[in-house]
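Trainee: Sequence first, predicted coordinates after that:
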Amino acid sequence: MRRRRFTHAPAALAPGRPWRVERQGRAGWASAITELGGPWRGLHTAISSNCGPGFLPPRRTPPRLPGSPSPGKAQEARAISSLLIPISITMALAAASTSGNSPSSRFHSSSTKSAIDAENEYAAHNYHPMPVVFARAQGVNVWDPEGKHYLDLLSAYSAVNQGHCHPELIKALTEQAGRLTLSSRAFHNDVFPVWAAKMRSVFGYDMVLPMNTGAEAVETAIKIARKWAYKVKKVPQGAALIFSVADNFHGRTMTAISLSTDPESRDNYGPYVPNIGAINPSTGRPIRYNNLADLEAVLEAHGRETAAFIVEPIQGEAGVVVPDDDYLARAHELCKKHNVLFICDEIQTGIARTGKMLCCDWAGIKPDMVTLGKAISGGMYPVSCVLANKDVMLVVEPGTHGSTYGGNPLGCAVSIRALELVEEGGLAEKADHLGKLFRDGLAAFKSPIIKTIRGKGLLNAVVIDETAAAGRSAWDLCILLKSKGLLAKPTHGTIIRFAPPLVITEEELQKALRIIGEALQELPTADKSDGH
């Protein structure tokens, strides 16, 4: 008798015994699903309705093992509750959902209009998104509910450097989800230490403290710096200072906006966290970015009480503001001179975005602390962290800081694979190469509408001259780009940021440049948007 190439799910399974599909590819798992009966009939029906009538062969009654009893419904229900759906099924369903064959489910809005209307009605108005709805995505490609295709040149603010829905990240997520998702830090889990070791091998710091979001990582770094100031530097209790620079972006929490000078972030949210910010207490003036004299002045006056200086290697939200080549290195030297911790916020610039694994690598420095987030998990699961050596990190004692989800096995598994993909794909080198091509391509337009082109790697921006565009704005240009199938978003009125997934091909990048060139030519006669 010919040996079957897959293992059937017996009608009654011992609890905890998984069903394994050994045949690879769609044919294998499709046949396996087809031959399952009982409660699995619903899975066959669901996949057939979602993926098309020909996606699975006709359902057949599965054979029972010789001598096995006919199960009752309760017994089958218990068996099903102990099954692990094979990863191949999950992967196939994910592939089907991006193929265009999957109708909207109860979890998805049926149209762009219904999605935007419902969001405006039921959700807080704390963002002002472009009028496009993401329904599916793969790599650099995005589709809306109507099936219109776009190239994504924002990457969720650099969170999907590895590309949308990377199949290897989906695999890592689903495999771990079927094993263990959360332990909290009340117990150990078997993935977190592997991730911590990976972080050390990639970034070269002794220790890592895991959190979930970028703002949490910044909050954590500020807490560590203050505690270090009191325990190590011996700053008097309650006197520790943290300085930032003007026009920064470190998040939206109270500590983050206390570091900020942006009125939109700060207005009507005070009082702010004391002893931190971008203002020199002696002069009342901002500490300007890329201005060493301002930093030197505040440290000369307040260095003894200063715990840390936090800075973005490139200011992303401010409009991709790139400092002078020697700014970070000389700022680092000033901090060392005054025994002040130097913190680099690499949440947007890190993970190969600028052509190095960390943007501060371009300056040849090793900050005392680094905050990471976004692309550290490839847009698949929220993961962030603080990196530091033991002389700084060990001021944190058990019970003094943490997060229920920080270091969870699901996020750690995804993050390990996300970092591997960056290394395996040479994404840092690719970002450096393609970034130069992109900036050269923009410059070749010689468009009077573009006042400035700036960036590093695949983190770039243009400043728009509205007078040269007959009064049309950066928002108007982004709306025009959207109509042509390219997605970008303005920041601070006249600036447009371009930051595609690092997996973008040169062909896709050239297509994006062609679209931008066409839009620049058409902009002076394009429709104006109201209220932007």
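Mentor: Nice, thanks for sending it over. Numbers count the residues shown, from 1 in each chain.
Trainee: So C344: helix, strand or coil?
Mentor: Classification of C344 by DSSP: H, G, I helix; E, B strand; the rest coil places it in strand.
Trainee: thought it was touching L358?
Mentor: Yes: with contact defined as CB atoms under 8 Å, C344 counts as touching L358 (7.3 Å). Yep, even glycine has a C-beta here, placed from its N, CA and C like the rest.
Trainee: Spit out the contact partners of A196.
Mentor: 207-208, 210, 407 (CB atoms under 8 Å, 6 or more residues apart in numbering).
Trainee: One more: I279?
Mentor: Residues in contact with I279 (CB under 8 Å, 6+ apart) are 261, 285-287.
Trainee: let's see it at 10 Å
Mentor: Contacts for I279 (CB atoms under 10 Å, 6 or more residues apart in numbering) come out as 243-244, 246, 261, 285-287, 298.
Trainee: So it versus A115, what's the distance?
Mentor: 41 Å (CB to CB, to the nearest Å).
Trainee: per-residue confidence for S529?
Mentor: Note on S529: pLDDT of 83.
Trainee: Now intersect the contacts of I279 with the strands, please.
Mentor: F243 (DSSP state E).
Trainee: Using neighbour counts, give me the buried entries of the contacts of I279.
Mentor: Among the contacts of I279, those buried by neighbour count (16 or more other CB atoms under 10 Å) are 243-244, 246, 261, 286-287, 298.
Trainee: hmm, which two among the residues you listed are most spread apart?
Mentor: T261 and V298 (14.1 Å; CB to CB).
Trainee: which residue ranges form the helices in the stretch 401-532 of the chain?
Mentor: Taking DSSP state H, counting those that start in this stretch, the helices of the stretch 401-532 of the chain run over residues 409-424, 427-444, 474-483, 506-522.
Trainee: Out of the ones you listed, which is closest to E219?
Mentor: Closest approach to E219 among the helices of the stretch 401-532 of the chain (CB to CB): helix 409-424, 17.7 Å.
Trainee: What is the closest one packed up against?
Mentor: Secondary-structure packing of helix 409-424 (3 or more CB pairs under 10 Å, 6 or more residues apart in numbering; DSSP states H and E): helix 167-177, helix 192-203, strand 207-211, strand 384-388, helix 427-444.
Trainee: Domain ranges for this structure, per the record?
Mentor: 25-97, 111-165+426-532, 189-424 (automatic domain parsing).
Trainee: From the ones you listed, pick the one with the highest average neighbour count.
Mentor: For these, the largest average neighbour count (mean count of other CB atoms under 10 Å) is found in domain 189-424, namely a mean of 20.
Trainee: so what's G364 up against?
Mentor: Counting by CB under 10 Å, 6+ apart, G364 has contacts 328-329, 332.
Trainee: Centroid-nearest residue for the protein?
Mentor: Among the residues of the chain, A159 comes closest to the average C-alpha position under CA atoms, centre = their mean, at 2.2 Å.
Trainee: State the pLDDT value of that residue.
Mentor: 98.
Trainee: Need the phi and psi values for it.
Mentor: When read as degrees, to the nearest 10, the backbone of A159 gives phi -90, psi -20.
Trainee: nearest spatial neighbour of it, skipping sequence neighbours?
Mentor: Nearest residue to A159, sequence neighbours excluded (CB to CB, 6 or more residues apart in numbering): K374, at 3.9 Å.
Trainee: Save the helices and strands packed on helix 409-424 as a markdown table, and put in distance to N275 too.
Mentor: Listed next are these as a markdown table, based on distance: least, CB to CB, whole Å:
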| stretch | distance to N275 |
| --- | --- |
| helix 167-177 | 40 |
| helix 192-203 | 29 |
| strand 207-211 | 22 |
| strand 384-388 | 20 |
| helix 427-444 | 37 |
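Trainee: L419 is nearest to which of the ones you listed?
Mentor: With CB to CB as the criterion, L419 lies closest to helix 192-203 of the helices and strands packed on helix 409-424, at 5.7 Å.
Trainee: Any stretches of the stretch 151-300 of the chain with poor pLDDT?
Mentor: For the stretch 151-300 of the chain, no stretch is flagged by pLDDT under 70.
Trainee: can you give me the helices for it?
Mentor: 155-158, 167-177, 192-203, 214-228, 254-259, 263-266, 292-302.
Trainee: Report the angle between the third one and strand 384-388.
Mentor: Angle, helix 192-203 to strand 384-388, by axes from the mean of the first three to the mean of the last three CA atoms, to 10 degrees: 60 degrees.
Trainee: Can you give the distance from helix 192-203 to the centre of its chain?
Mentor: 19 Å (CA atoms, centre = their mean, to the nearest Å).
Trainee: got the angle between it and strand 207-211?
Mentor: Using the same axes, to 10 degrees, helix 192-203 lies at 120 degrees relative to strand 207-211.
Trainee: I'd like the C-alpha coordinates of helix 192-203 written as PDB, please.
Mentor: Extracted C-alpha coordinates of helix 192-203, given in PDB (Å, rounded to 0.1, in the frame of the first residue of the first chain):
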ATOM      1  CA  PHE A 192      14.000  36.400  26.000                       C
ATOM      2  CA  PRO A 193      17.600  35.300  26.800                       C
ATOM      3  CA  VAL A 194      18.200  34.300  23.200                       C
ATOM      4  CA  TRP A 195      17.000  37.700  22.100                       C
ATOM      5  CA  ALA A 196      19.100  39.500  24.700                       C
ATOM      6  CA  ALA A 197      22.200  37.600  23.500                       C
ATOM      7  CA  LYS A 198      21.300  38.500  19.900                       C
ATOM      8  CA  MET A 199      21.100  42.200  20.900                       C
ATOM      9  CA  ARG A 200      24.500  42.000  22.500                       C
ATOM     10  CA  SER A 201      26.100  40.400  19.400                       C
ATOM     11  CA  VAL A 202      24.500  42.900  17.000                       C
ATOM     12  CA  PHE A 203      25.000  46.100  18.900                       C
END
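Trainee: Understood, closing this out.
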